[in-house]
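**Q** below are the sequence and a predicted model; questions follow.
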Amino acid sequence: MDLTGKLLIAMPAMGDDRFAQSVVFICAHSPEGAMGLIVNKRADDLRLADLLEQLDIAQGRDMTNLPVHFGGPVEHGRGFVLHDYGYHSAISTLDVNEDFAMTATMDILEDLALGRGPLRNIVALGYAGWGPGQLEAELSQNAWLTVEADKEIVFSHADGSKWESALQKLGVSAVTLSSEAGRA
């Protein structure tokens, strides 16, 4: 089962606080492992304008209110931009599917600062990573639900509502989810 381009929805019993009520967009999934970005948790008090200033990238437009997300606990000093498919970096963009792409090079930040980047995007520091078979094991232990990624949920919904919106896409209500795993 290839989960590339899908959303992982953390179950209520998620034992790792970093992933509690998280929604993770899976950028790549193969037998070698998986890589994704948490799309509903913001980095503490960090704005894109601050990040651009730290990187000495000139801003051609006001970036003051644009957030930076906590993409996950792996390489939390490295930046990633999840965006709609229309933008391609001159250096390297990973096409996830016909709706989403991910770029992890400085040129996308420069393009964003000048207003030439993708209109729909999430800038994140760090990523969520799984080794071979690790994500599959977590799925079998009922740690996650999966659903097709939805651009509106990922890019347009408020971060605080993405978890419940992703559950609703499955037809599930947060109040009906049990924190106990079971087998039928």
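**A** Yes, it's here. Numbering: from 1, shown residues only.

**Q** stretch 51-59: end-to-end distance?
**A** By C-alpha to C-alpha, to the nearest Å, the extent of stretch 51-59 from end to end equals 11 Å.

**Q** mind listing residues that contact that stretch?
**A** By C-beta atoms under 8 Å, 6 or more residues apart in numbering, the surrounding residues in contact with stretch 51-59 are Ala49, Met63, Val68, Gly79, Met106, Leu109, Glu110, Ala113, Leu114, Val123, Leu125. Heads up, the C-betas are built off the backbone N, CA and C, glycines and all.

**Q** among the residues you listed, which lie within strands?
**A** Secondary structure defined by DSSP state E assigns Val68, Gly79, Val123, Leu125 of the contacts of stretch 51-59 to strands.

**Q** all helices for this protein, in order.
**A** Ranges of helices within the chain are 48-54, 106-113, 134-140, 151, 159-169, based on DSSP state H.

**Q** out of the contacts of stretch 51-59, which is most surrounded?
**A** Taking other C-beta atoms under 10 Å as the neighbour criterion, Val123 ranks highest of the contacts of stretch 51-59 with 26 neighbours.

**Q** verify the stated contact: that residue with Gly79.
**A** Yes - counting by C-beta atoms under 8 Å, Val123 touches Gly79, with 6.6 Å between them.

**Q** what residues are shared contacts of these two?
**A** Counting by C-beta under 8 Å, 6+ apart, the contacts common to Val123 and Gly79 are Leu51, Leu109.

**Q** who are the contact partners of the most centrally placed residue in the chain?
**A** Central residue of the chain (C-alpha atoms, centre = their mean): Leu37, 2.9 Å from the mean position. Contact analysis of Leu37 by C-beta under 8 Å, 6+ apart lists 24-25, 27, 69, 71-72, 80, 82, 102, 122, 124, 127-128.
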